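J.: Generate coordinates for the sequence data below:
(one chain, ligands or ions: 1)
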Amino acid sequence: MSGRKGPGNPEGRGGPGDAEGVPRWDGPRWIGAPPAPPPEPLDATAVLELYRRAGGLRHGHFVLSSGRHSDTYLQSAVVLQWPALAAALGRALAAPWRGRVDVVVGPAMGGVVIGHETAGALGVRMVFTERVDGAMALRRSFVVAAGERALVVENVVTTGGSALEVAELLRAAGADVAGLATIVDRLPEGATLPLELHALARVTAASWDPDNCPACGSGSGPEAPGSRRGLPSTRR
Ligand SMILES: [Zn+2]
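T.: Just a heads-up that it's a prediction; the model follows:
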């Protein structure tokens, strides 16, 4: 696949670390003017293209927030910063669940923005969970009632651990957990969850303990994009 020629990519080539040659709009190009939302319904290709253009999906050598090294960097916030894109993704996530959900529940932070958009598309309310002393909890006077049909929404499911904790919390409140909706499924190959899961796209990514990272072994230094601050003053 060759890169598309355009104002952000005058040579028609992918940037360094962009193995698939797709131009990234991770510079000032997407600051200020909102990108046009893609035509709907969104398929997996369109969703991943949105992530690539926003700089939310990159290939290379990265340090994740967990400290592990990976060949793939995935960040939903840079996509969801645009309300029109968040709303389009929320509509796509809502589609399989229409008429089956009374409340959307998202774990903070990753489930908050996209959960709210999904709830808006379903015409139901949205609450979010937070960790209190490490345990998932509903705060801020949020209540999920016994018998309510609850949909868990996340931006990315990596292990499913947070989603399953939310489901457990909801069941303890007597709610009926309808399932889990996520923009990106990056579960390990072959992994399954004990919940009905609908994802808009799937990303497979390798990660390693830093002491055992093949990219480090070949002498390349990892990027830490998650710690990079987006203040304009950091740009020269
Ligand atoms: Zn490494």
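J.: Quick one: low-confidence residue ranges for this structure.
T.: Applying pLDDT under 70 to the chain flags the ranges 1-34, 226-236.
J.: hmm, 80 instead?
T.: 1-36, 65-66, 225-236 (pLDDT under 80).
J.: now Arg171, what's its secondary structure?
T.: Under DSSP: H, G, I helix; E, B strand; the rest coil, Arg171 falls in the helix class.
J.: any idea how far it is from the ion?
T.: Per C-beta to the ion, to the nearest Å, Arg171 is found 39 Å from the ion. No exception for glycine: its C-beta is placed from N, CA and C like everyone else's.
J.: Arg125 now?
T.: Distance from Arg125 to the ion, by C-beta to the ion: 43 Å.
J.: from what I can see that residue touches Val105, true?
T.: No - using C-beta atoms under 8 Å as the test, Arg125 is too far from Val105 to be in contact (9.8 Å).
J.: between the two, who's got more neighbours?
T.: Using other C-beta atoms under 10 Å as the criterion, Arg125 and Val105 rank with Val105 on top: 29 against 15.
J.: element containing the more buried one?
T.: Using DSSP states H and E, Val105 falls within strand 103-107.
J.: Report the buried residues of that strand.
T.: Buried positions in strand 103-107, judged by neighbour count with 16 or more other C-beta atoms under 10 Å: Val103, Val104, Val105, Gly106, Pro107.
J.: Neighbouring strands - and their directions - for it?
T.: strand 125-132 (parallel), strand 149-157 (parallel) (DSSP bridges).
J.: List of residues touching the first one?
T.: In this case it means strand 125-132. By C-beta atoms under 8 Å, 6 or more residues apart in numbering, the residues outside strand 125-132 that reach it are 103-108, 111-112, 115-116, 118-120, 136-139, 142-144, 153, 166, 169.
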